[in-house]
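Q: build the 3D model from these lines:
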Amino acid sequence: MEENYLKKVIKKSGVNTLVIIIACIAIFAFGFFSFKDKISTLFTTLETGTNVESIQKLYEDKKAYIQLKDADIYFLDYAIYTYNTVNGVKTGEEKLDQVYGMIAYDDGYILALLPKEYLDMTDEELSSVNTVALLEGLENADFSDTDDYHKDAYDELINTISESFGEEASFVKDYVPEICITITDSGRTNDQMIFGGITILFLVSLGILIRNILVKNNYKSSKFYKSLNKMGDAESIEHALEQSIVKGTYLYKSDEKSYAYAGLITPEYVLGKNNTALTLSSTKDMIWAHLKVTKHKYYFITTGKSYQVVMYFKNSKTPATINFKKEDEATSVIQTLAEKLSVIAGYSDELMKMFNKDYQGFLRMAEEHKESASAETETTNETYE
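A: Got it, this is the predicted structure:
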């Protein structure tokens with residue numbers, strides 16, 4: 001036996017399960033690979049680095065974020081600049097973004113990447129900096145471009161120290177580990193917020209997936225099915241819809257497999273959509289139906305059209321819609337609604353203006369239209385008799 005229409009449409013209304021699974025995997029993978037080296041220190045109490053030896057040990061122990069203490073900072077003649085581009089062409093002047101420096105301790109030196117605002121600090125402030133810092137190797141920074149910057153800045157640091165002390169570069173490297181300490185204005189707050197956002201997205205996607213699976217297995221657990229009880233008994237409504245299909249008394253039923261074109265109009269109910277969500281309305285409350293044609297364009301060229309029958313009901317300004325592939329199918333449904341339900345059919349700016357500005361007046365006009373059509377039908381029947 002063919003699955004009943006309401007059950008079939010509700011099952012299709014959920015987001016594609018495969019899409020959700022892919023989204024969950026993508027979000028998890030992005031979060032894991034972006035924060036796999038940082039996650040252990042994102043929300044925990046930070047360990048303190050007080051000299052080169054302790055900082056190097058923290059780096060070897062895979063500590064991404066540390067608490068930097070009593071760092072004596074000097075600037076290098078090396079910085080990172082940014083500029084805007086359009087199609088690969090520079091559109092503005094370069095702007096200073098970050099500056100490189102070195103942190104000096106009694107047991108050696110470490111490369112540091114600093115906010116440009118550090119240039120405004122006094123020598124006294126720079127001689128004892130205490131802040132949250134990120135430890136990175138020269139070849140495992142977050143972005144490949146930064147890898148190159150770190151390597152070049154490290155070479156600049158080695159040359160600066162070598163020239164200052166008159167020592168060979170190979171000797172200086174013994175006192176300068178291949179590590180870069182990155183200091184930002186926000187510490188680890190930005191990463192915490194990004195990781196928190198990714199976690200929330202993952203949990204929401206997982207929740208949607210679980211909900212979708214539940215609806216697939218039991219359509220009566222869906223939010224839409226439960227909402228039918230506001231109009232009456234959900235099972236009775238479901239039965240009425242199905243009986244209309246079995247007996248052939250429906251005014252319109254979509255046979256398209258795609259959920260995008262789902263729709264059913266029976267003498268009792270209209271099963272349509274509000275945007276993409278299912279909605280059920282009482283057929284006798286329908287007052288106006290018109291066609292909506294949407295042109296789809298690509299670079300000002302019309303690539304296609306889509307068609308909707310838009311239906312309005314008493315005591316609700318939110319319409320229900322049904323999508324159609326062909327215009328003649330949509331106009332045929334509107335004609336059927338006009339003939340069988342005596343609704344106002346067709347669109348005009350005047351009608352829409354009245355609907356928006358004088359809703360009660362529109363309702364009176366719709367009621368008068370129905371009464372007039374009913375009277376004409378009675379007169380026609382008497383003539384034939």
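Q: burial measure for V333, as a count.
A: Residues lying near V333 (other C-beta atoms under 10 Å) number 21. Every residue, glycine included, has its C-beta placed from N, CA and C.
Q: check contacts around it.
A: V333 is in contact with 251-252, 265, 289, 309, 322, 324, counting by C-beta atoms under 8 Å, 6 or more residues apart in numbering.
Q: try T182
A: So T182 contacts 112-113, 133-134, 136 (C-beta under 8 Å, 6+ apart).
Q: list just the nearest of these to S372.
A: L134 (76.1 Å; C-beta to C-beta).
Q: bridging residues for that closest one?
A: Judged by DSSP bridges, the bridge partners of L134 are Y65, T182.
Q: so what's I265 bridging to?
A: On the basis of DSSP bridges, I265 takes part in beta bridges with Y252, V270.
Q: how near is it to A234?
A: Using C-beta to C-beta, to the nearest Å, I265 is found at 19 Å from A234.
Q: look at the two and report which has more neighbours.
A: Applying other C-beta under 10 Å to I265 and A234 shows that I265 carries more neighbours, namely 28 against 18.
Q: I'd like to know how many residues surround A345.
A: Using other C-beta under 10 Å, A345 has 18 other residues around it.
Q: what's the nearest residue to it if we skip its chain neighbours?
A: In space, and not counting its chain neighbours, A345 is closest to A338: 3.8 Å by C-beta to C-beta, 6 or more residues apart in numbering.
Q: now that neighbour, what's its secondary structure?
A: helix (DSSP: H, G, I helix; E, B strand; the rest coil).
Q: tell me if I'm right that it and H369 touch.
A: No. Taking contacts as C-beta atoms under 8 Å, A338 lies outside contact range of H369: 9.7 Å.
Q: and stretch 349-357, what's buried?
A: 351, 355 (16 or more other C-beta atoms under 10 Å).
Q: report the backbone C-alpha coordinates of stretch 214-229 in PDB.
A: Extracted C-alpha coordinates of stretch 214-229, given in PDB (Å, rounded to 0.1, in the frame of the first residue of the first chain):
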ATOM      1  CA  LEU A 214      13.500  10.400  14.700                       C
ATOM      2  CA  VAL A 215      11.100  12.000  12.200                       C
ATOM      3  CA  LYS A 216      12.100   9.600   9.500                       C
ATOM      4  CA  ASN A 217      11.300   6.700  11.900                       C
ATOM      5  CA  ASN A 218       8.200   8.300  13.400                       C
ATOM      6  CA  TYR A 219       6.700  11.200  11.400                       C
ATOM      7  CA  LYS A 220       4.200  11.800  14.200                       C
ATOM      8  CA  SER A 221       7.000  13.000  16.400                       C
ATOM      9  CA  SER A 222       7.600  16.000  14.000                       C
ATOM     10  CA  LYS A 223       6.800  19.500  15.200                       C
ATOM     11  CA  PHE A 224       4.500  20.000  12.300                       C
ATOM     12  CA  TYR A 225       2.400  16.900  13.000                       C
ATOM     13  CA  LYS A 226       2.000  17.900  16.600                       C
ATOM     14  CA  SER A 227       1.000  21.400  15.600                       C
ATOM     15  CA  LEU A 228      -2.100  19.900  13.800                       C
ATOM     16  CA  ASN A 229      -3.700  19.400  17.200                       C
END
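Q: contacts for it, please.
A: Contact with stretch 214-229 is made by 6-7, 10-11, 13-14, 17, 234, 237-238, 277-278, 280, as judged by C-beta under 8 Å, 6+ apart.
Q: same deal with stretch 289-305?
A: Contacts for stretch 289-305 (C-beta under 8 Å, 6+ apart): 306-312, 321, 327, 330-331, 333-334, 337-338, 343-347, 351.
Q: give me the nearest residue to the residue nearest the centre of the chain, chain neighbours excluded.
A: Taking C-alpha atoms, centre = their mean as the criterion, L201 is the residue nearest the geometric centre of the chain, at 8.8 Å. Residue nearest to L201 in three dimensions, not counting chain neighbours: I27, with 5.2 Å by C-beta to C-beta, 6+ apart.
Q: with A153 instead?
A: Once flanking residues are discounted, A153 sits nearest to Y100: 4.2 Å by C-beta to C-beta, 6+ apart.
Q: before we move on, what SS does that neighbour have?
A: strand.
Q: could you verify my assumption that it touches D155?
A: No. Between Y100 and D155 there is no contact under C-beta under 8 Å: 11.0 Å.
Q: buried stuff in the helix or strand harbouring Y59?
A: In this assignment (DSSP states H and E), Y59 forms part of helix 52-60. Burial within helix 52-60, assessed by neighbour count using 16+ other C-beta under 10 Å, is assigned to 52, 54-56, 58-59.
Q: send the alpha carbons of that helix over as PDB?
A: Provided in PDB are the C-alpha atoms of helix 52-60 (Å, rounded to 0.1, in the frame of the first residue of the first chain):
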ATOM      1  CA  VAL A  52      64.100  30.200  27.400                       C
ATOM      2  CA  GLU A  53      64.600  26.800  29.000                       C
ATOM      3  CA  SER A  54      61.100  26.700  30.600                       C
ATOM      4  CA  ILE A  55      59.400  28.000  27.400                       C
ATOM      5  CA  GLN A  56      61.200  25.400  25.300                       C
ATOM      6  CA  LYS A  57      60.100  22.700  27.700                       C
ATOM      7  CA  LEU A  58      56.500  23.900  27.400                       C
ATOM      8  CA  TYR A  59      56.700  23.800  23.600                       C
ATOM      9  CA  GLU A  60      58.100  20.300  23.700                       C
END
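Q: list the contacts of I80.
A: 96-100, 113, 149 are the contacts of I80 under C-beta under 8 Å, 6+ apart.
Q: that one should be in a strand, yeah?
A: Yes. According to three-state DSSP, I80 belongs to a strand.
Q: so how far is L113 from it?
A: The gap separating I80 from L113 is 8 Å, by C-beta to C-beta.
Q: and for A26?
A: Distance from A26 to L113, by C-beta to C-beta: 30 Å.
Q: neighbour-wise, which of these two wins?
A: Using other C-beta under 10 Å, the more surrounded residue of A26 and L113 is L113, with 24 against 13.
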